[in-house]
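Asker: Just need the structure, nothing else, for what follows:
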Amino acid sequence: MEIQLPRGTKDWFGDEIEVRRYIENIERELCRLFNIKELDTPVFEYTELFERGVGDTTDIVQKEMYTFMDKGDRSITLKPEGTAGAVRAFMQNNMYANVQPTKLFYIMPMFRYEKPQSGRLRQHHQFGVEYFGSSEPTADVEVITLLIKLFCKLKLPDVKLHINSIGCKSCRREYNERFIKYLEENKEDLCDTCRERMYKNPMRVIDCKNIQCKDIAKNAPRVLDYLDDECKNHFEKLKRLLEVQNIAYEIDKDIVRGQDYYTKTVFEFIDRRGSTICGGGRYDNLVEEIGGKSIPAVGFGVGVERLLLALTEENILPIIKNDIDIFIGYIGDKACEEVQKLASSFRDYNIKVEVEHMNRSVKAQMKYADKIGAKNVVIIGDNELKTGICKLKNMHTGEENETTLDKILHMLYN
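Answerer: Numbers count the residues shown, from 1 in each chain. So this is what the prediction gives:
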């Protein structure tokens, strides 16, 4: 049997990886402007981190993680999302001892065992930002602003911001009691998973994809109506800060996000087709729940593949120019040696060079140079070596200029 890619994965090469790198470079530059430092953590962590951090009632932990026992009989999981690993790194490296806030970003592969579909792979690349140390809504607004700037730079049209507040442990206590009572009245119509979860984390029912559960959730009470004074004030300040920057938003009481760690602010960006591009929110208890100090935090994650899908659907994928400054061909062994030296000296000056490797005819070499988009071509043979004179052809205009081998560098560099 021919060995193929595992289902839900893909090979990145050619124009696709160039576009992905283009997006990632924009993300890195934006993080530089916001003074956000890069974080790189392992692709696998101890399973307990995600059980405690993401939540053992979530679909991620119950259904979607790649988990295995290593040779030391330890339970290891390939990272399904970035926040829990970032929190672990923040704690383990004593970053809370630094001047706060600590602002981190990462661009890393994540792994989820879910049904592969357009824009959703079992191995995907996530751009994430995490702010630790600030409980102020200014931090929430800043990460939202970064995303808006990202969408603007990618020229994604009509991306709408939806916001909600899911409160804190204190105000959720009363809400959960009311919600559970409502769910008990409709318990027979809930799916098995929601019946199992409703007492431990009833808000997961709002997230359920089952049609009957969705219908029940439509008329359920919403946590936004049960906020205590502190959470209300936080949400009001968030809205004012968005309005000051002329950032349009829509309050969406259905946003609860798929992880258990969120508190207060949650948000999503929706494209004009109604699909969620990315989301995030505040997680003020997560550091403490994983075993650290009480440190507030806020962040987001956006799938690079999801961005690529949105750009493709809008037909605005960036065109990445891959121009080669010069192709150097040759005829004969002596000329081959000279070409290698010439190419090496050109590259020292950051000139992009392709040389002949297939021992083709001059005609075939010229065809190849045209096919790869070389701007200029020079073919070196015995005569060029003897006289030191050659012809440099501009492939865009067809113009040929007679010059010397030692002057080609000067002509290209200037």
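Asker: was I right about Arg7 contacting Glu114?
Answerer: No: using C-beta atoms under 8 Å, Arg7 is not in contact with Glu114; the gap is 11.0 Å. For every residue, glycine as well, the C-beta is placed using N, CA and C.
Asker: domain ranges for this protein?
Answerer: By the assignment in the TED database, the chain contains the domains 14-168+228-314, 326-413.
Asker: Kindly reformat the ones you listed as CSV containing mean neighbour count and distance to Leu190.
Answerer: Shown next, in CSV, are the domains of the chain (neighbours: other C-beta atoms under 10 Å; distance: least, C-beta to C-beta, whole Å):
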stretch, mean neighbour count, distance to Leu190
domain 14-168+228-314, 18, 14
domain 326-413, 15, 59
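Asker: Format these as a markdown table; extra columns: mean pLDDT and distance to Phe179.
Answerer: Output for the domains of the chain, formatted as a markdown table (pLDDT from 0 to 100; distance: least, C-beta to C-beta, whole Å):
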| stretch | mean pLDDT | distance to Phe179 |
| --- | --- | --- |
| domain 14-168+228-314 | 95 | 11 |
| domain 326-413 | 94 | 60 |
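Asker: what helices or strands is whichever helix or strand Met110 is part of leaning on?
Answerer: Using DSSP states H and E, Met110 sits within strand 102-111. Contacts defined by 3 or more C-beta pairs under 8 Å, 6 or more residues apart in numbering; DSSP states H and E place strand 102-111 against helix 14-33, strand 37-38, helix 83-92, strand 123-132.
Asker: roughly how far is it from the heart of the chain?
Answerer: 8 Å (C-alpha atoms, centre = their mean, to the nearest Å).
Asker: likewise stretch 266-276?
Answerer: With C-alpha atoms, centre = their mean as the basis, stretch 266-276 stands 16 Å off its chain's centre.
Asker: residue ranges for the strands of the stretch 51-200 of the chain, please.
Answerer: According to DSSP state E, counting those that start in this stretch, the stretch 51-200 of the chain carries its strands in the segments 67-69, 75-78, 102-111, 123-132, 160-165.
Asker: Just tell me which of these ends up closest to Leu311.
Answerer: strand 123-132 (14.1 Å; C-beta to C-beta).
Asker: how distant is that closest one from the center of its chain?
Answerer: For strand 123-132, the distance to the chain centre is 6 Å (C-alpha atoms, centre = their mean).
Asker: sorry, back to before: among the helices and strands packed on strand 102-111, which is nearest Ile316?
Answerer: Ranking the helices and strands packed on strand 102-111 by proximity to Ile316 (C-beta to C-beta) places helix 14-33 first, at 11.1 Å.
Asker: And that closest one, what does it pack against?
Answerer: Using 3+ C-beta pairs under 8 Å, 6+ apart as the contact test, the elements touching helix 14-33 are strand 37-38, strand 102-111, strand 123-132, helix 137-153, helix 304-313.
Asker: Mind putting the ones you listed into CSV with distance to Gly292?
Answerer: Putting the helices and strands packed on helix 14-33 into CSV (distance: least, C-beta to C-beta, whole Å) gives the following:
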stretch, distance to Gly292
strand 37-38, 19
strand 102-111, 12
strand 123-132, 10
helix 137-153, 18
helix 304-313, 29
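Asker: Gly14 is nearest to which of the ones you listed?
Answerer: Minimum separation from Gly14 across those (C-beta to C-beta) falls at helix 304-313, 13.7 Å.
Asker: what distance separates the closest one from the centre of its chain?
Answerer: Chain-centre distance of helix 304-313: 11 Å, with C-alpha atoms, centre = their mean.
Asker: quick one, that helix and helix 14-33 angle?
Answerer: 110 degrees (axes from the mean of the first three to the mean of the last three C-alpha atoms, to 10 degrees).
Asker: elements contacting helix 304-313?
Answerer: In this structure, helix 304-313 makes packing contacts with helix 14-33, strand 123-132, strand 276-282, judged by 3+ C-beta pairs under 8 Å, 6+ apart.
Asker: that older thread, for the domains of the chain, give me a markdown table that also has distance to Gln212.
Answerer: Listed next are the domains of the chain as a markdown table, based on distance: least, C-beta to C-beta, whole Å:
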| stretch | distance to Gln212 |
| --- | --- |
| domain 14-168+228-314 | 16 |
| domain 326-413 | 56 |
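Asker: Would you mind telling me which of those is nearest Asn210?
Answerer: domain 14-168+228-314 (11.6 Å).
Asker: now that closest one: how far from the chain's centre is it?
Answerer: With C-alpha atoms, centre = their mean as the basis, the mean position of domain 14-168+228-314 lies at 9 Å from the chain mean.
Asker: Quick one: end-to-end length of that domain, please.
Answerer: This stretch, domain 14-168+228-314, spans 21 Å end to end (C-alpha to C-alpha, to the nearest Å).
Asker: give me the number of residues near Arg197?
Answerer: 23 (other C-beta atoms under 10 Å).
Asker: Adjust the sequence numbering to begin at 54 for everything that follows.
Answerer: Sounds good: first residue 54 from here, last item Arg250.
Asker: Contacts only, for it.
Answerer: Arg250 is in contact with Thr110, Arg257, Val258, counting by C-beta atoms under 8 Å, 6 or more residues apart in numbering.
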